[in-house]
Every structure is written in C-alpha cells, then in structure tokens.
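S.K.: next one to model:
(one chain, ligands or ions: 2)
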Amino acid sequence: MKKIKIMSVFGTRPEAIKMCPLIKKMREYEEIESIVCLTGQHREMLQQVIDIFQIQVDYNLQIMKMSQTLHSITTDILTLIRPVLEKEKPDLVLVHGDTTTSFVAALAAFYQQIPVGHVEAGLRTYDKYAPYPEEMNRTLTGRIADLHFAPTENNRACLEKENIRDHVFVTGNTVIDALQTTISPDYQYKDAALAAIMEERKGRLLLVTAHRRENLGKPLQDICGALREIVSEYPDVEVIYPVHLNPLVREPVHELLGQEERVHLIDPIDVEDMHNLMDRSYLVLTDSGGLQEEAPSCGVPVLVLRDKTERQEAVDAGTVVMAGTKKDDIVRLTRALLDDQEQYQRMSRAVNPYGDGRASERIIQAILQYFEG
Ligand code: UD1
Ligand code: UDP
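M.R.: Ligands and ions are numbered 1, 2, ... in the order given. All right, here's what the predicted structure looks like:
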C-alpha cells in the first residue's frame with residue numbers, strides 16, 4: 001500500500017505548539033508517512049517546543065535573522081523550500097494558522113500544485129491590519145488551501161462567507177490537545193528564575209505577554225505604563241512577563257519595567273512551564289492569540305491587549321474581555337477584576353469553546369477520507 005506522504009511546515013512557537021500534537025498523532029497511522037520541515041522563522045522559541053514534544057525534524061530552513069522583515073521572511077522561505085518540495089514531492093502540505101511561514105509555505109506548495117491542508121482555518125477580524133500581517137496571511141492561506149480544518153462552527157461560517165465550502169471540517173483546536181498533556185497539579189518548574197519566583201510568591205499573579213507587531217512602539221509603552229500603575233496601587237499583586245526575544249520588544253519592556261520590584265521579566269519559558277504558570281495565575285493580560293484560547297479552559301480570565309480579536313468565542317462566553325492598548329482602559333479593567341470578586345468569579349468559569357482535545361484525530365480522519373475519496 002502506498003502511504004500518504006504529509007509534509008508539515010511550520011516555523012514559529014505557536015505553530016509548533018499546535019502542530020506537534022497532530023504530528024505525534026500521525027505516527028499512530030500506518031497509512032501516513034509524516035515528514036517535518038521547519039522554516040526556522042523562530043529559533044530558540046521554536047526549539048523549546050520541539051524538545052518538549054520530541055518531534056523528529058527532517059528539514060530546517062533556518063531563515064531567522066535578528067530584526068527580520070516580512071519581506072526577508074517571505075523571500076527566504078519561498079526560495080529555500082522549493083528544493084525540499086521538489087525532492088520530497090509530498091501528497092499534502094500541512095500549514096497552521098496565520099504566520100508568514102504558513103502563507104508562504106502554502107504558496108510554495110501551490111506553485112508546485114501540491115494540495116494544502118490548513119489547520120486552524122477560518123478565523124477572521126475582517127480588518128486587514130489587525131492583527132497585522134496575520135489577518136491577511138490567514139485569508140490568503142484559506143484561499144490557497146484544499147482542506148480547511150476549522151476549530152469552531154463560527155470559523156466554518158467565516159469560510160462559507162468567502163465561498164469556501166468544500167472540504168471544510170470542524171475539528172476543534174489542537175491547542176486543547178496540547179493542553180491536555182502539559183498541566184499537572186504537582187508540576188515542578190524547569191526554568192530556575194520562574195521556579196524561584198513561584199516559591200517566594202505571596203500575592204495574586206498577573207501573567208502578561210505582549211509582542212505583536214502592531215503593538216510595537218506606543219501601544220507597548222502604554223501596556224508597560226499600565227502594569228507599573230497596577231503594581232504600585234496593589235501591594236499584593238505580582239506580574240510575571242516572559243518577554244519575547246524580539247529586540248523591539250525586549251528593549252522597551254526592560255527599560256520601562258526592569259526596575260519594578262513586583263514585575264518579574266523573564267526569558268521565554270517552555271510550553272509546560274507556561275501552561276502550568278497560566279493555570280495558577282489570577283489573571284492573564286495578553287496580545288497573544290494562543291493564550292486567548294488556553295486561559296479560558298483553565299478558568300483564568302483574560303484581558304486582551306488588542307482592539308480586535310479573531311477569537312470571538314471566549315469573548316461571547318464571557319471569560320475574555322477586549323481591553324485594547326490604552327493605559328487607562330487597561331488599568332480600569334484590571335482594577336475591576338482585582339476589586340470586584342463577583343465579576344471575577346463570573347469571568348473565571350472554565351469554558352472551552354475550542355474542543356475536546358481530539359482535534360488531531362479528526363484532522364487525520366478528514367485527510368484519510370480526502371485521499372480515499
Ligand atoms: C511571529 C509571527 C506572529 C506570531 C509570533 C508568535 C509573522 C509575521 N509573525 O511574530 O504571527 O504570533 O511569531 O510568537 O509570521 N526572535 C529570536 N528568537 C526566536 C524568535 C524570535 O531572537 O526564537 C527575534 C528575532 O530577532 C526576530 C524577531 O524576534 O527577528 C521577530 O520574529 P518574527 O517571527 O519576525 O516576529 P514575531 O513577532 O515573533
Ligand atoms: N508560550 C510559551 N512560552 C512563553 C510565552 C508563550 O510557551 O514564554 C506559549 C503560549 O502558552 C501559547 C503560545 O506560546 O501556547 C503563544 O505564542 P505566541 O504568543 O508567541 O504567539 P500567538 O499566540 O500570538 O500567535
């Protein structure tokens with residue numbers, strides 16, 4: 001029997017966190033030959049995930065540069081992936097989500113007339129600059145893709161509006177598959193700095209991440225200003241902020257928050273440390289897409305440091321609130337959750353609109369069905 005050769009292409013931390021459970025699951029199917037090509041859009045932050053999930057990497061294009069541009073990411077991947085596709089001739093290329101890696105890998109596969117499967121398809125804000133460039137990356141990838149794995153019914157409906165109706169499968173989000181393997185009650189932190197903070201911590205913990213391209217500059221300064229105000233007002237509050245390795249994030253964040261006593265700036269932590277930390281936090285403030293999906297299923301309220309979200313489900317369920325990036329708004333909304341226990345309890349109900357942890361299995365079944373049919 002000829003196996004279906006599936007090449008998974010990804011290159012950043014969140015793609016890896018959400019693709020690794022699927023790649024591990026594919027190992028269980030003898031009908032599938034699974035190969036992995038990293039673009040290396042990220043380096044250290046990608047490797048952390050590969051190490052945790054113990055994924056075998058067949059190719060790594062290693063394109064990351066310090067202060068890379070959208071142009072360099074695009075052209076480097078497009079050029080370097082071509083010989084890999086020509087050599088391997090996969091039956092299907094799988095990409096994930098909305099990064100430039102995803103869009104360019106899909107485009108490269110299309111140029112060679114190789115079918116594309118899009119994992120985490122159909123999320124939309126309908127504003128091409130928010131998130132930037134992710135909204136456009138995801139929309140263009142959806143246009144190219146032959147199979148669409150939509151996490152929710154709402155995502156399927158978004159695809160339908162764009163006349164994408166064939167081979168659309170509602171699968172849940174593979175991030176829930178990942179979460180089910182990482183959190184444990186007696187977890188010991190691996191990162192020494194984090195372990196020490198958690199050992200000594202007394203008060204309520206705010207977990208913060210902020211790194212998006214559209215938040216660089218003034219919005220990020222405002223976010224930092226809001227955090228300073230909150231810790232100075234609440235002596236029982238501590239902030240842990242694992243800072244993205246982008247120098248355009250690190251420099252202002254360390255400059256503005258480096259001296260604050262109860263603000264702990266740490267390096268990016270691996271996904272097991274992160275999920276367990278999130279599970280023990282009082283509140284999450286973030287501009288990340290992934291954290292908006294993960295925290296609600298841990299019952300931890302989220303303030304989203306953006307004006308628009310492509311993940312409306314948890315907002316509708318009442319556990320995620322859009323805070324934007326203005327200092328006064330962030331302070332006001334955080335205060336409300338620190339002061340008003342009734343509101344806090346309402347928001348900290350665990351809800352999980354993103355599936356039951358079996359998304360990988362559903363994606364594989366859909367792929368098998370596609371190739372049988
Ligand atoms: C990228 C994705 C974004 C995703 C995010 C997840 C694009 C355009 N952006 O944004 O959609 O939400 O990843 O984190 O696809 N760096 C390191 N080491 C690393 C990773 C990054 O040093 O392991 C530094 C490099 O200087 C690099 C910079 O961070 O140039 C920015 O990386 P880049 O992938 O361009 O942007 P992100 O903001 O990470
Ligand atoms: N994450 C992590 N370590 C960190 C920060 C984030 O493992 O120091 C995880 C987080 O739990 C989530 C994912 O990385 O699963 C989100 O990645 P990121 O914020 O980089 O990208 P986005 O979700 O915005 O695309």
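
S.K.: ligand 2 contacts on the stretch 201-350 of the chain?
M.R.: Contact residues, the stretch 201-350 of the chain versus ligand 2 (Cβ under 6 Å from any ligand atom): 209, 242, 268-271, 274-275, 288-291, 294. C-betas here are computed from N, CA, C, even on glycine.

S.K.: among those, which are located in helices?
M.R.: Among those, the ones falling in helices (DSSP state H) are 271, 274, 275, 289, 290, 291, 294.

S.K.: got the contact list for the second one?
M.R.: Applying Cβ atoms under 8 Å, 6 or more residues apart in numbering, one finds that residue 274 lies in contact with residue 242.

S.K.: of the ones in helices among the residues of the stretch 201-350 of the chain next to ligand 2, closest to ligand 1?
M.R.: residue 289 (6.3 Å; Cβ to the nearest ligand atom).

S.K.: mind listing what's buried along the longest helix seen in the chain?
M.R.: When the chain is parsed with DSSP H, its longest helix is helix 70-88. Neighbour counts over helix 70-88 (16 or more other Cβ atoms under 10 Å) mark 73, 74, 76, 77, 80, 81, 84, 85, 88 as buried.

S.K.: which strands and helices sit next to it?
M.R.: strand 4-10, strand 32-38, helix 100-111 (3 or more Cβ pairs under 8 Å, 6 or more residues apart in numbering; DSSP states H and E).

S.K.: so which elements touch the first one?
M.R.: With contacts defined as 3+ Cβ pairs under 8 Å, 6+ apart, the secondary structure elements packing on strand 4-10 are helix 13-26, strand 32-38, helix 70-88, strand 92-96, helix 100-111, helix 359-372.

S.K.: ok, residues contacting the fifth one?
M.R.: Looking back up the chat, that one is helix 100-111. By Cβ under 8 Å, 6+ apart, helix 100-111 touches 9-12, 15, 37, 39, 41, 70, 73-74, 77-78, 81-82, 85, 93, 95-96, 115-116, 118, 133, 136-138, 140-141, 144-145.

S.K.: ok, it near ligand 1 or not?
M.R.: Yes: Helix 100-111 is in contact with ligand 1 by Cβ under 6 Å from any ligand atom, via 100, 101.

S.K.: now do the contacts for residue 169.
M.R.: 147, 148, 149, 150, 362, 363, 366.

S.K.: give me the buried subset of those residues.
M.R.: For those, buried by 16+ other Cβ under 10 Å: 147, 148, 149, 150, 362, 363, 366.
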